[in-house]
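Visitor: just to be clear, the model below is a prediction. Sequence and coordinates:
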Amino acid sequence: MGDIELNKCVLGIDTGGTKTSLAAVDGRGGIQFSKEISSPSTDEQMMVKALLDLVDWGLSESSRKELDVLGIGLGSAGFVLRDEGILVESPNVSWSMVPLKRLVSGHTGLPTFLDNDANVAALGERFAGECRGVDDFVYLTLGTGIGGAICVDGEVYRGHRGTAAEIGHMIIEPDGPPCKCGSRGCLETLASGTALEREAARFMADDDASVLRRMCKGDTGGLTGEMISEAAEEGDPAALKAFSYIAHYLGLGLVNLIHLLDPEIVVIGGGVSRSGHLLLDDVRSVVRERGVPALVEGAQIVLSALGRDAGLIGSAALAWEGIGRLS
């Protein structure tokens, strides 16, 4: 990037099945301010309205703080046609064929850029995180679902139509749990935050003394990832088994990716990664045990350096790149 002007920023927006976040990000990757709202993910019109209202708030807050907004970057969970600026479909949000780029740019008059949320998170890691200076890496985001991004020779690989690296829909167990994409046994159904909650509820049902049972007062529908993480830290067997379950399948997915792509680093981000220390040892063990030694040896598996901000900083990096300020 050229000379940094500290009164200039872009808005980075990360939309997902559970929450939508916005941040004003400067040219160094610093967040000037941010806001998070719940995603009305079951209603397309409400989802779009909530997004535009959040953008309006971001522009107003930027003006109040005397920041000049140069562009907007959008990272959206789901299948994205980047060049057309269209969100085709999202397994965890009830919207499809939404021209998000046109809607936001038309609403604000600002240059707007759209990509898959995992792609932008990978941009964020390369812009200001774990992968600065790394040309070949894989990024996985573990949240409500699982997204993925592949960086080859310093560029995000997007494929023929821009929908490449849907790692969460790699089929691991052909007869496994049904996935919202319409298939069965996708990695997303086996190693996401949703899978963690499902398996914790299953293991808890067989353990009358489970800490989780006390936390959710016996209501498995009230289990959250935060509860499961807290219970695992306390040594609760049901919670630990749930983490072991998703670590096993995540490890199998990573074996396939490492065999195929030979990345220098695999980065794990997203909400579940905040408890990543409960996953990493088991994941690395599965990779060592199930991978071809000559192929998996030396591949680093690490947690995101940006944590929950990867999507926001990455969306901002997408905007900085789009307006020609990111090299």
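Guide: Here it is on my side, so go on.
Visitor: flag every buried residue along the longest helix seen in the chain.
Guide: For the chain, the helix that runs over the most residues, judged by DSSP state H, is helix 237-261. Residues of helix 237-261 classed as buried under the neighbour-count rule (16 or more other CB atoms under 10 Å) are 237-243, 245-255, 257-258, 261. All C-beta spots, glycine's among them, are computed from the backbone N, C-alpha and C.
Visitor: same thing with stretch 50-67?
Guide: Of the residues in stretch 50-67, those with enough neighbours to count as buried (16+ other CB under 10 Å) are A50, L51, L54, V55, G58, L59, E61, S62, L67.
Visitor: Serialize these to JSON lines and add fields for secondary structure.
Guide: What follows is the buried residues of stretch 50-67, written out as JSON lines (DSSP: H, G, I helix; E, B strand; the rest coil):
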{"residue": "A50", "secondary structure": "helix"}
{"residue": "L51", "secondary structure": "helix"}
{"residue": "L54", "secondary structure": "helix"}
{"residue": "V55", "secondary structure": "helix"}
{"residue": "G58", "secondary structure": "helix"}
{"residue": "L59", "secondary structure": "helix"}
{"residue": "E61", "secondary structure": "helix"}
{"residue": "S62", "secondary structure": "helix"}
{"residue": "L67", "secondary structure": "coil"}
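Visitor: would you point out which residue is most central in the chain?
Guide: The centroid of the chain falls nearest to T141 when counting by CA atoms, centre = their mean (3.6 Å).
Visitor: that residue - that's part of a helix, no?
Guide: No: going by three-state DSSP, the assignment for T141 is strand, not a helix.
Visitor: excluding its backbone neighbours, what's nearest it?
Guide: Distance criterion CB to CB, 6 or more residues apart in numbering; nearest residue to T141, sequence neighbours excluded, is G270 at 3.7 Å.
Visitor: can you pull out the strands in the stretch 51-200 of the chain?
Guide: Counting by DSSP state E, counting those that start in this stretch, the stretch 51-200 of the chain has strands at residues 68-76, 79-81, 86-90, 93-98, 112-116, 137-142, 146-152, 155-156.
Visitor: and of those, who's closest to R290?
Guide: strand 137-142 (16.7 Å; CB to CB).
Visitor: for that closest one, buried residues please.
Guide: The neighbour-count check on strand 137-142 (16+ other CB under 10 Å) flags F137, V138, Y139, L140, T141, L142 as buried.
Visitor: let's have those residues in CSV, adding pLDDT and distance to I86.
Guide: Below are the buried residues of strand 137-142 laid out as CSV (pLDDT from 0 to 100; distance: CB to CB, whole Å):
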residue, pLDDT, distance to I86
F137, 96, 27
V138, 96, 25
Y139, 94, 23
L140, 93, 24
T141, 87, 21
L142, 89, 26
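Visitor: ok, the closest residue to R284 other than its chain neighbours to A316 distance?
Guide: In space, and not counting its chain neighbours, R284 is closest to I301: 5.6 Å by CB to CB, 6+ apart. Between I301 and A316 the computed distance is 26 Å (CB to CB, to the nearest Å).
Visitor: have a look at these two and say which one is more surrounded.
Guide: Using other CB atoms under 10 Å as the criterion, I301 and A316 rank with A316 on top: 36 against 22.
Visitor: I72 is in contact with that one, correct?
Guide: No: in this structure, A316 is not within contact of I72 by CB atoms under 8 Å, at 9.1 Å.
Visitor: hey, what's in contact with both of those two?
Guide: Jointly contacting A316 and I72 under the rule CB atoms under 8 Å, 6 or more residues apart in numbering are V10, L11, G12.
Visitor: by neighbours, which of these wins?
Guide: G12 (33 neighbours).
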